[in-house]
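Peer 1: I would like to see how this sequence folds:
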Amino acid sequence: MPIFDTLIVMNEQNEARTKQNVSTDESLKWQLVSSEHIVKDEWIDFRREAYRFPDGTLFEPFYSYSRKSYVVIVARTEEGKYLCVRQFRQGIGKVTTEFPAGGLEKEEMTDDPVTSQSAPRGALNAAKRELREETGYESSDWTFLLSVPSNATLADNYAFLFFADNCRRSSGQDLDDTEFLDALLLSASEIDEMIRNGQFQQAIHILAWLLHDGK
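Peer 2: Numbering: from 1, shown residues only. Coordinates of the predicted model:
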């Protein structure tokens, strides 16, 4: 048998063995045994939980939380600059540069983000609102990029990523009482450099940037 044909047969055999060893989703799932709400208010539902593993072992504690899902907007102006904001992030204790973003209200979450092929109804409205409030800019040219779990290990909320093109200023900022941020315009090369240098410190925002490329 020619060497090329031999390699094809070996590859097919390896693929068959791999498929046989792949577990089903059901066989990998953990079973929730108990859940205690440690903190539950309008901002967060923080829980202490016990799970039974697929082999029957009971383990605790695991910690998880629920928060609002949110939108992230990569916004490009008519002049080709990108709208960013600078604000303090208490998690790392630093002022960060990132894209406009903000939480969805309960009434804006009407679809299942896992199965939806487009942004849930209301997510686009939230994105338009947050862009306008944080930067004073608006756009009529929107592209939905992706819905992705914010932190699949610990949280059940989703990030909805958008690209807004040909943005134009329509007003000043209209910030919430808890928002203290500055808006600024950056070029694509400046954002790329900040990402490479570790100065653009929001992982989901970097994902949105990479996904928007070429839109």
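Peer 1: check which residues of the longest strand anywhere in the chain are buried.
Peer 2: The single longest strand within the chain, with elements called by DSSP state E, is strand 158-169. Within strand 158-169, the residues that count as buried by 16 or more other Cβ atoms under 10 Å are 158-165, 167. Just so you know, the C-beta spots here come from the backbone N, C-alpha and C atoms, and that holds for glycine as well.
Peer 1: hang on, residue 128 in a helix?
Peer 2: Yes - under DSSP: H, G, I helix; E, B strand; the rest coil, residue 128 sits within a helix.
Peer 1: nearest to residue 31 among the buried residues of strand 158-169?
Peer 2: residue 158 (23.7 Å; Cβ to Cβ).
Peer 1: ok, the closest one - contacts?
Peer 2: Neighbouring residues of residue 158 by Cβ atoms under 8 Å, 6 or more residues apart in numbering: 69, 113, 147-150.
Peer 1: any chance of those in a markdown table with secondary structure, distance to residue 53 and neighbour count as columns?
Peer 2: Formatted as a markdown table, the contacts of residue 158 follow (DSSP: H, G, I helix; E, B strand; the rest coil; distance: Cβ to Cβ, whole Å; neighbours: other Cβ atoms under 10 Å):
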| residue | secondary structure | distance to residue 53 | neighbour count |
| --- | --- | --- | --- |
| 69 | coil | 29 | 23 |
| 113 | coil | 27 | 18 |
| 147 | strand | 29 | 22 |
| 148 | strand | 26 | 16 |
| 149 | strand | 21 | 16 |
| 150 | coil | 25 | 16 |
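Peer 1: which one of those is nearest to residue 40?
Peer 2: Among the contacts of residue 158, and counting by Cβ to Cβ, the member closest to residue 40 is residue 69, at 17.4 Å.
Peer 1: just list the residues touching the residue nearest the centre of the chain, thanks.
Peer 2: For the chain, the residue nearest the mean C-alpha position is residue 159 (3.3 Å; Cα atoms, centre = their mean). The contact partners of residue 159, by Cβ under 8 Å, 6+ apart, come to 69-72, 147-150, 204.
Peer 1: and the strands in the protein?
Peer 2: 31-40, 45-52, 58-66, 70-77, 82-89, 94-98, 101-103, 137-138, 141-149, 158-169, 181-186.
Peer 1: count of residues packed around residue 120?
Peer 2: 20 (other Cβ atoms under 10 Å).
Peer 1: tally of neighbours for residue 173?
Peer 2: Residues within reach of residue 173, counting by other Cβ under 10 Å, total 15.
Peer 1: let me know whether it touches residue 136 as I believe.
Peer 2: Yes - counting by Cβ atoms under 8 Å, residue 173 does reach residue 136; the two are 5.4 Å apart.
Peer 1: could you chop the protein up by domain?
Peer 2: If you go by automatic domain parsing, the domain ranges for the chain are 26-66, 70-212.
Peer 1: weakest of the ones you listed by average pLDDT?
Peer 2: Mean pLDDT is lowest for domain 70-212 among these, at a mean of 91.
Peer 1: one step back: list residues touching both of residue 173 and residue 136?
Peer 2: residue 183.
Peer 1: farthest pair within the contacts of residue 159?
Peer 2: 71 and 149 (14.4 Å).
Peer 1: good, wrapping up.
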